[in-house]
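J.: coordinates only, sequence not included:
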DNA sequence: ATATCGATTATCT
DNA sequence: GATAATCGATATG
């Protein structure tokens, strides 16, 4: 099992992060080879990491949504396999990235064995490492505290911009591969409480409780402050 | 070939 | 709270 050392900021009390240095394990393909609902819950508290040359970005996953595959009317896989969504039908633990509203990218992780097209959308992260570069990628000033920090990664489009995630660069990338520059890790953090709600921004199957977030975390997307 | 709309965000009032 | 921005995927003729 591949491990690495993840430096962390001294967390304030309300923050999901705490401690200073943690050993983290790369998530395995098996972690994702199960139904998206369970993966979406299990991904809360895990770390997304990006290698940018000699710089490192890290964010803790605090909000997710599950998309169940061909049987889910809200899923991109609902109409079957296309060139755009083919990653969803491939092996678990790979990045499915799509372009939305003419402006934004969204990052999903494929779930279930090959042939089944479930996935989990990453909706919000709590910044852990590399906030300066995140702010630069977002076109924001260097401020990284208070309400301004929420603008870095609180939303599916925002977190992709902060991590410089694009379809061209990252679609189909294996997020469980040690050599990948975009990876998912478990540093042992476990959320205290998880809330489930309807998914955001969809019209079909809008009542299903498939959005999950860490209770009380200030980096969850939506209105705050 | 053209029209519609979206798993969003920023910027108004 | 409301809406413009922006473009690729998909549906329709």
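T.: In hand now; what should we look at? On a predicted model such as this, the values are computed, not experimentally measured, just so you know.
J.: and residue A:141, how far is that from DNA strand B?
T.: 12 Å (CB to the nearest atom of the strand, to the nearest Å). Yep, even glycine has a C-beta here, placed from its N, CA and C like the rest.
J.: let me know the secondary structure of the spatially closest residue to that residue that is not a sequence neighbour.
T.: In this structure, residue A:141 finds its nearest non-sequential neighbour in residue A:135, 6.7 Å apart by CB to CB, 6 or more residues apart in numbering. Following DSSP: H, G, I helix; E, B strand; the rest coil, we place residue A:135 in the helix state.
J.: so which helix or strand takes in residue A:160?
T.: helix A:156-162 (DSSP states H and E).
J.: and residue A:42, by the same measure?
T.: Assigned by DSSP H and E, residue A:42 falls within helix A:36-43.
J.: next helix or strand past that helix?
T.: Next along from helix A:36-43, by DSSP H and E: strand A:47-52.
J.: is any residue of that following strand near DNA strand B?
T.: No. Strand A:47-52 lies apart from DNA strand B when judged by CB under 7 Å from any atom of the strand; the minimum separation is 14.5 Å.
J.: and that strand, which strands flank it?
T.: Paired neighbours of strand A:47-52 in the sheet (DSSP bridges): strand A:55-67 (antiparallel), strand A:182-186 (antiparallel).
J.: for DNA strand C, what is the nearest residue in chain A?
T.: Going by CB to the nearest atom of the strand, DNA strand C is nearest to residue A:102 of chain A, at 2.5 Å.
J.: quick check: bridge partners of residue A:25?
T.: Residue A:25 forms beta bridges with residue A:3, residue A:186, as assigned by DSSP bridges.
J.: how many neighbours does residue A:147 have?
T.: As a burial measure, residue A:147 scores 10 neighbours (other CB atoms under 10 Å).
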